[in-house]
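J.: Curious how this folds, go ahead:
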Amino acid sequence: MEDERPRRTAVRPELQISATNPEHPAALLDLPWELPLDAWPDDCLVDLPRGISRHVVRFAEAGEEVVAIKEVPERAARREYELLRDLDRLGIPAVDALAVVTGRTGADGEPLEPALVTRHLVGSRPYRAMFETTLRPGTVNRLMDALAVLLVRLHLAGFAWGDCSLSNTLFRRDAGAYAAYLVDAETGQIQPRLSNGQREYDIELARMNISGELMDLEASGALHPSIDPIPFGAAIAERYGDLWHELTRQSVYPADKRHYIERRIRRLHDLGFDVAEMQITHSPGGDTVSFVPKVVDAGHHQRQLLRLTGMDTEENQARRLLNDLESWMATQDDYAPGDPLGARPEVLAHRWVREVFRPTVGAVPLALRGQLDPAQVYHEVLEHRWLLAEQKQQDVGLEAAVADYVENVLPGSVAGTSG
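T.: Here you go, the predicted model:
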């Protein structure tokens, strides 16, 4: 007797492209998702150097962009996608996550592995491509410096990498140095704050991974003969430690040596970090000041100054003005961060504009300002104050700095401009 029960047929999943930007799915639809990534035809691929990866990775054209596609299980793809987006929001140098592609099936109906799609970082190269020509030790040192800066940035943001290595990093030229970008966040996790043990674990992994990668290069003849893989790998911990100490240490200065704080901020700027705000506390006797900087992403200062004062300036101007504002606020009796009875930052900021910023700018004659806007005038006065303090090895008040600036700096500037 014929079985009249309905026959079950395999349900073919539909291709799904999950992305935050609506333009990306449309550009990605034309790619041959019905083929395994290692079988994609050359006419849709872009020949770019690839690093070592546990997964199949290819570069392809999607609309006007070049994207990197990595086949990886769905759960891992979605997790890494979210982590990369979080890093982008935190301003951490990493590749941009564009989409997760699921529901892939081959022509035979068999499921294919999902894919994570990221934007190709223009101008970047994996470390093995850089070592195709033997790099000099100085260049390798700059790569290690860039990787140490990246690891510090990640840790300051609360990101435990879990697999720091040259292979998981892309490098891009940055003037005479290099900038490092995280390219693989698969093993990472974000927390409000990392413990010393979590940071040390990342550093130890970095040391072992880098030494091993350099040994591989040595075996292939691609490493400069003067470079010893073991000491070079171990040096990442020293580089990281020095940088971490400079960024997080608390400094105690005499209360009348305010320019010492400026000196510390300048060192941080030279290291490539912006100071977002300063935690400044006075000793009970009022004779010393404790200072801890906080570092942030570019553009922060413009947004912060605009929010506090309504002043719309350039980024470097905003950075300088905010540093001065923070230092001034710490001298006010009603400055009590975290205390609901203390004055709000916005109130103090507007008081600073009224009592410090405007009088200082107003003390500079209009005829001598030329095309300088008020923020630039104040910035230059602060710069002159810093130079005077360095010469005298003691703080110089704003009034004295303005007087000296008007008498000895501006006349020459105006003459140089008119000439």
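J.: List phi and psi for residue 122.
T.: Backbone torsions for residue 122, taken as degrees, to the nearest 10, come to phi -60, psi 130.
J.: Based on its surroundings, how many neighbours for it?
T.: 8 (other Cβ atoms under 10 Å). For the C-beta atoms, the positions are set from N, CA and C on the backbone; glycine is no exception.
J.: Against residue 140, how distant is it?
T.: 23 Å (Cβ to Cβ, to the nearest Å).
J.: longest single helix anywhere in the protein?
T.: helix 196-220 (DSSP state H).
J.: helices or strands up against whichever helix or strand comes after that one?
T.: Going down the chain from helix 196-220, the next helix or strand is helix 229-248, by DSSP states H and E. Helices and strands touching helix 229-248, by 3 or more Cβ pairs under 8 Å, 6 or more residues apart in numbering; DSSP states H and E, are helix 137-156, helix 196-220, helix 259-270, strand 288-296.
J.: ok, and which of these has the densest surroundings?
T.: helix 137-156 (a mean of 20; mean count of other Cβ atoms under 10 Å).
J.: relative orientation of it and helix 196-220 in degrees?
T.: 150 degrees (axes from the mean of the first three to the mean of the last three Cα atoms, to 10 degrees).
J.: what's the pLDDT at the residue most central in space within the chain?
T.: Among the residues of the chain, the one closest to the centroid is residue 92, at 3.8 Å (Cα atoms, centre = their mean). Residue 92 is assigned 85 on the pLDDT scale.
J.: related to what we said a few turns ago, next, format the helices and strands packed on helix 229-248 as CSV and append distance to residue 42.
T.: Converted to CSV, those look like this (distance: least, Cβ to Cβ, whole Å):
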stretch, distance to residue 42
helix 137-156, 31
helix 196-220, 27
helix 259-270, 46
strand 288-296, 44
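J.: Which among these is found nearest to residue 130?
T.: Across these, residue 130 has its closest neighbour in helix 137-156 (7.5 Å, Cβ to Cβ).
J.: which helices and strands sit right next to the next helix or strand along the chain from that closest one?
T.: Of the helices and strands lying after helix 137-156 in sequence (DSSP H and E), the nearest is strand 159-160. Where contact means 3+ Cβ pairs under 8 Å, 6+ apart, strand 159-160 is packed against strand 189-190, helix 196-220.
J.: Residue 80 is nearest to which of these?
T.: strand 189-190 (11.3 Å).
J.: ok, back up a step: quick check: angle from the longest helix of the chain to helix 229-248?
T.: Using the same axes, to 10 degrees: helix 196-220 against helix 229-248 is 150 degrees.
J.: For helix 196-220, which outside residues touch it?
T.: Helix 196-220 is contacted by residues 127-128, 131, 144, 147, 151, 155, 160-167, 191, 223, 227, 229-230, 232-234, 236-237, 240, 244 when judged by Cβ atoms under 8 Å, 6 or more residues apart in numbering.
J.: what sits against the nearest residue to residue 243 once chain neighbours are set aside?
T.: Once flanking residues are discounted, residue 243 sits nearest to residue 152: 5.0 Å by Cβ to Cβ, 6 or more residues apart in numbering. The contact partners of residue 152, taken as Cβ under 8 Å, 6+ apart, are 240, 243, 244, 247.
J.: Of the residues you listed, just say which sits nearest to residue 75.
T.: Distances from residue 75 to the contacts of residue 152, taken by Cβ to Cβ, are shortest for residue 240, at 31.1 Å.
J.: Test my guess that that closest one contacts residue 153.
T.: No - counting by Cβ atoms under 8 Å, residue 153 is not a contact partner of residue 240; they are 11.0 Å apart.
J.: Residue 48: neighbouring residues, count only.
T.: Residues near residue 48, counting by other Cβ under 10 Å: 14.
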